[in-house]
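[1] how would this look folded up:
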Amino acid sequence: MNLVIVESPTKAKTISKFLGKGFKVESSFGHVRDLPKSRLGVDTENNFEPQYIVPMKAKKNLNALKKEAEKSEKIILATDEDREGEAIAWHLREAIGTKDKKFERIAFHEITKKAIEEALKHPRDIDIKLVNAQQARRILDRLVGYKLSPFLWQKVARGLSAGRVQSVAVRLICEREEEIEKFKKEEYWTIGAQLETQNEKPEKFETRLVKIGEKTLDKFDIKTESEAQKISEDLQKQNAKIANIEIKKEQKNAPAPFTTSTMQQSAGQRLGFSAKQTMMFAQHLYENGLITYMRTDSLNLSEDALMGTKDFILKNFGENYALPSPRKFKTKSKGAQEAHEAIRPTDTGKTPEDLKNSLDEKEWELYDLIWRRMVASQLPEAEFENTKVDISAGDYLLRSNGVTLIFDGFLKVYPTKIAENILPALQESQKLKIDKINPEQHFTEPPARYNEASLIKTLEKFGIGRPSTYAPTISTIQERGYVEKNEQRRLYPTETGKIVNKILVENFPEIVDIQFTAKVEEEFDEIAEGKKEWVPVIKDFFEPFAKNLKEKYETVTSQKTEEKTGEQCPECGKDLVIKRGRFGKFIACSGFPDCKFTKKIPETPLNIKCPKCAEGDVIRRRSKKGRWFFGCSRYPNCDFVSWVLPGTQKDATVKE
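    Modelled structure (predicted):
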């Protein structure tokens, strides 16, 4: 009997379907060893030796795996193909410790019968380079978190924590907020004109003013209403005729198949999923054998997948939609692992319609998106006919652009927002009537706050983090109370997030420096490739960091200024003061730690009666995870809760 070990029960169940009686598939339920939570767990005096332990929750299952291993001829480690999966396999081998047994490592991009059988034919040893790259990341993040967090406790508030990649993400969000706060809007005007043909059946179409005399108009050339009005009045008096018609055919390229980043972005934009939700649904699809591995930055596609998709296209769409040869993509992501594959269905022939009744609704929506993106990547470009019409009117030049879809190509399965604008039949020198002039006022807009999709795109652009880190990074900064979402699902920093970011930027610039963080990621890649040893990388970071941290304990002024409320503690009689905690300010006894009395700072009355009991008032509350919501002041006697303020569309995260 051969023992096959994977990470999850679902994955074990799927793989069991493909293996014969000579195999038993068991799950490790993730990592079986990790650094301890109660202490640093890294020997900084002895080459940063990690002090791994078996967590209490893993002991029972590990003992069961050891017993199965004793009875097995061979132990096959079939964890995921990335660095995390390689590390789990290594920890399993170390923890099981059955020295007289033969361990084999197999890896695969998808959980299908063919992929599993092929992997079993080509077992390999554990790649210690990948393990070391994962260990380096884990140890460096532990050193930053466990060394820097106590500093924040002392200088700002208990319960705060710092993370390497998370701190950079918070900095990006804080800097965007500063841009928005400093932004000063600027007024400008545009002038549109509705023209009408003078045919037997007149047709109207829209144009815009683009040139006055020899001057091509820039965005801010018309600054005031009076300027716009003067131009409009003069333009209305002119005779218009077509000066030039230019027709061009243009193509819109088909999109590449998904990587982790682009999947998270598209699922956010099209389906409204958070990055965390997207990865959870994708994990289920992968473990059930429906899609390839979902943590990847590669755009590679297997020959089997390309041929299978082409056959599907020929059968269902016809030869007009079949490419003469498969379209292949090259990733532009820094440090992408080209040996991996893009995210795609394991079988293009399994259409979303085929799975409609066998998947959870959200999982089906994500599968549908992944399937469509894969098929679209192998469909022809969409073709358009663009018509540019220039109209002279005295000293003015107006322009209208027509867009007509000629061939839908990839849009057949992966629609995008493309507005057609069909113009009437026009000829050069044709006279037109100026029907209406439309001057319009505009104001420049501040840069938009990040949403999850745009933040992930920025992190990837700068090479910060890797596919497996985007979702947990965004979840963590919200759970820590550094960042919240508004009603448009845009991310903004809390007061605590701003304070922590300011301290890190001023005193630990390397922790939140974009280039430095990206450089560390590159060094992890070099460790994985065997070009660098992991200990010197950690040492080069830690020694100056530890020296700087020691100095900052002495020189940085505490932010824990406490303001008296004018009230006395009901338990001990000492003054009550305002303190700052993980989720902002609260009222506490000045006699802490002898007296642990605390209470919330009263919310500003919203002057809205509870819609459920009509007795209590609607107030803002915060959930255990730190998210704001509206509730009844009579709780627990009344259990009314809502994310939206009753009678409005206002989200609870919006500051009053």
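
[2] buried stuff in the host helix or strand of D354?
    Under the criterion of DSSP states H and E, D354 resides in helix 352-355. Across helix 352-355, burial judged by 16 or more other C-beta atoms under 10 Å covers 352, 355. Glycine gets a C-beta too; all of them are placed from N, C-alpha and C.

[3] low-confidence ranges in this protein?
    99-100, 332-339, 561, 582-584, 603-605, 624-626, 648-656 (pLDDT under 70).

[4] Outline the domain layout of it.
    The chain resolves into domains spanning 2-126, 140-182+448-555, 187-250+384-443, 260-377, 561-601, 607-656 when parsed by automatic domain parsing.

[5] Compare those domains and give me the one nearest A133.
    domain 140-182+448-555 (3.8 Å; C-beta to C-beta).

[6] Quick one, which of the domains of the chain gets closest to N132.
    The nearest among the domains of the chain, by C-beta to C-beta, is domain 140-182+448-555 at 4.5 Å.

[7] Please, where are all the strands along the stretch 501-650 of the chain?
    Assigned strands in the stretch 501-650 of the chain, in chain order: 563-568, 575-581, 584-589, 598-599, 618-622, 628-632, 641-642 (criterion: DSSP state E, counting those that start in this stretch).

[8] before we move on, what about the stretch 1-150 of the chain?
    So, for the stretch 1-150 of the chain - with DSSP E, counting those that start in this stretch - the strands run 2-6, 23-27, 42-43, 49-50, 74-77, 102-105.

[9] what helices or strands is the helix holding D354 leaning on?
    Of the remaining helices and strands, those touching helix 352-355 by 3 or more C-beta pairs under 8 Å, 6 or more residues apart in numbering; DSSP states H and E are helix 361-377.

[10] cutoff 6 Å now
    Of the remaining helices and strands, none touches helix 352-355 by 3 or more C-beta pairs under 6 Å, 6 or more residues apart in numbering; DSSP states H and E.

[11] re earlier: mind putting the domains of the chain in JSON lines, distance to N132 included?
    Shown next, in JSON lines, are those (distance: least, C-beta to C-beta, whole Å):
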{"stretch": "domain 2-126", "distance to N132": "9"}
{"stretch": "domain 140-182+448-555", "distance to N132": "5"}
{"stretch": "domain 187-250+384-443", "distance to N132": "40"}
{"stretch": "domain 260-377", "distance to N132": "16"}
{"stretch": "domain 561-601", "distance to N132": "34"}
{"stretch": "domain 607-656", "distance to N132": "34"}
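
[12] Would you mind finding the most buried of the strands of the stretch 1-150 of the chain?
    strand 2-6 (a mean of 23; mean count of other C-beta atoms under 10 Å).

[13] That one pairs with which strands, parallel or anti?
    strand 23-27 (parallel), strand 74-77 (parallel) (DSSP bridges).

[14] Can I get that strand in CSV, CA atoms only?
    The C-alpha trace of strand 2-6 is given here as CSV (Å, rounded to 0.1, in the frame of the first residue of the first chain):
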residue,chain,number,x,y,z
ASN,A,2,1.3,3.5,-0.9
LEU,A,3,0.3,6.5,1.2
VAL,A,4,-0.5,9.7,-0.7
ILE,A,5,-0.6,12.9,1.4
VAL,A,6,-2.3,16.1,0.2
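
[15] I'd assumed A12 was in contact with E287.
    No - contact criterion C-beta atoms under 6 Å: E287 and A12 do not qualify, at 8.9 Å.

[16] which residues of the stretch 501-650 of the chain fall in helices?
    For the stretch 501-650 of the chain, the helices defined by DSSP state H, counting those that start in this stretch occupy 509-512, 514-528, 534-555.

[17] Next, format the strands of the stretch 1-150 of the chain as JSON lines and append distance to Y293.
    Shown next, in JSON lines, are those (distance: least, C-beta to C-beta, whole Å):
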{"stretch": "strand 2-6", "distance to Y293": "13"}
{"stretch": "strand 23-27", "distance to Y293": "17"}
{"stretch": "strand 42-43", "distance to Y293": "30"}
{"stretch": "strand 49-50", "distance to Y293": "26"}
{"stretch": "strand 74-77", "distance to Y293": "16"}
{"stretch": "strand 102-105", "distance to Y293": "16"}
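
[18] so which of those strands comes closest to K237?
    strand 2-6 (78.3 Å).

[19] Any idea which of the strands paired with strand 2-6 gets closest to A342?
    strand 74-77 (25.0 Å).

[20] picking up where we left off before, out of the strands of the stretch 501-650 of the chain, nearest to N199?
    strand 641-642 (57.0 Å).

[21] contacts for that closest one?
    629-631 (C-beta atoms under 6 Å, 6 or more residues apart in numbering).

[22] 8 Å instead?
    With contacts defined as C-beta atoms under 8 Å, 6 or more residues apart in numbering, strand 641-642 is touched by 629-632, 652.

[23] same question, stretch 194-202
    203-207, 240, 391, 398, 400, 424, 426, 430-436, 438.

[24] Check the secondary structure at E196 for me.
    The three-state label given to E196 by DSSP: H, G, I helix; E, B strand; the rest coil is strand.

[25] circling back to that earlier point, who wins for proximity to K596 among the strands of the stretch 1-150 of the chain?
    That would be, of the strands of the stretch 1-150 of the chain and by C-beta to C-beta, strand 42-43, which comes in at 32.5 Å.
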